[in-house]
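Q: sequence first, then the predicted structure, then my questions.
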Amino acid sequence: MEFLKKHFEKILLSIVLLGLAGAAAFMPIKVSSEREKMDARKEELLGAKAKRYELVNLSTNEKVLRRFQIDYDVKLSGPHNLFNPVKWQKRPDGSFLKIQAGTEVGAGALQVSKIDPLHMTVTFDDVRGEVGGNIRYQVSVTRETDRPVTKRPGFAAVGGTNNLFALREIKGPAQAPEELVLVMAGDKEPITISKANPHKRIIAYSADLKYEPENLTWKNLRIKGELSFGGETYNIVAIDKDEVVLSAKSNRKKTTVKYSAAR
């Protein structure tokens with residue numbers, strides 16, 4: 001015991017030094033072991049084959065998206081009557097007409113079934129002989145706007161005037177002129193005619209109309225014509241090649257009815 005008391009510190013120091021020597025000797029072995037483990041793990045991770053990524057089935061989601069991309073035409077008008085109540089109108093013959101919502105009645109329901117041009121034709125008829133030393137020429141005017149349509153003759157010498165035309169000059173022999181140059185009453189520009197080539201131009205139009213709510217039709221209507229339907233009387237104030245203009249007698253309200261030749 002006396003030996004231990006005298007050499008305790010030396011013995012303890014020796015033990016510590018032996019421990020440190022052992023630890024120092026063990027460290028390379030431990031490091032080598034850990035390095036082997038790391039290499040093995042690295043080989044395991046890098047050498048393994050990666051699993052193929054499986055795509056998620058989104059077909060049901062795509063169907064829902066396609067449904068939202070479709071434009072749906074919500075019809076709030078047409079033959080159904082959920083939002084479109086209808087009314088019935090009695091025709092003059094006692095039958096009834098179903099008026100759908102949005103269907104026009106009155107002037108708005110009037111239709112133009114046909115529009116025809118009305119012409120004025122000017123013809124050189126003949127040489128009528130001399131009067132007072134001047135040779136007169138017969139020219140006839142036919143206006144399809146007249147009722148009845150009549151061929152109206154007029155006579156004039158060169159420089160003469162009548163209620164139909166003024167004869168300005170002739171071209172060719174006086175007894176057999178090739179052409180006549182004249183100005184029609186109400187016109188400013190002269191026209192040229194011959195026996196072979198009369199002058200013809202559109203001066204107005206006539207129209208055929210129909211009103212289906214009362215099963216009414218009108219033929220060959222002209223400007224200033226009058227027609228009654230839908231409890232109102234209308235005057236025709238204008239007819240053009242593609243429209244008819246009406247004026248209501250009660251309030252002078254004008255309605256333009258367009259014409260489509262394909263109708």
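A: Yep, that arrived.

Q: how much space separates residue 164 from residue 31?
A: 132 Å (Cβ to Cβ, to the nearest Å). Yep, even glycine has a C-beta here, placed from its N, CA and C like the rest.

Q: over to residue 232?
A: Following Cβ to Cβ, the distance that separates residue 232 from residue 31 is 113 Å.

Q: neighbour-wise, which of these two wins?
A: residue 232 (15 against 10; other Cβ atoms under 10 Å).

Q: who touches the residue lying closest to that one once chain neighbours are set aside in this structure?
A: For residue 232, ignoring the flanking residues on the chain, the nearest one in space by Cβ to Cβ, 6 or more residues apart in numbering is residue 248 at 5.5 Å. Contacts for residue 248 (Cβ atoms under 8 Å, 6 or more residues apart in numbering) come out as 107, 232-234, 254-255.

Q: is residue 248 bridged to anything, and to what?
A: For residue 248, the beta-bridge partners are residue 234 (DSSP bridges).

Q: which pLDDT value belongs to it?
A: According to the prediction, residue 248 has pLDDT 91.

Q: in the stretch 1-150 of the chain, where is pLDDT below threshold?
A: Scanning the stretch 1-150 of the chain for pLDDT under 70 picks out the ranges 1-8, 47-50, 72-94, 96-104, 132.

Q: repeat the analysis, applying 90 as the threshold.
A: Low-confidence segments of the stretch 1-150 of the chain (pLDDT under 90): 1-110, 128-134, 147.

Q: helices of that one, residue ranges please.
A: Assigned by DSSP state H, counting those that start in this stretch, the helices in the stretch 1-150 of the chain fall at 2-47, 59-69.

Q: residue 261: which of those helices is closest?
A: helix 59-69 (41.4 Å; Cβ to Cβ).

Q: that older thread, which one of the contacts of residue 248 is nearest residue 170?
A: Nearest to residue 170 among the contacts of residue 248, with distances taken as Cβ to Cβ, is residue 254, at 46.9 Å.
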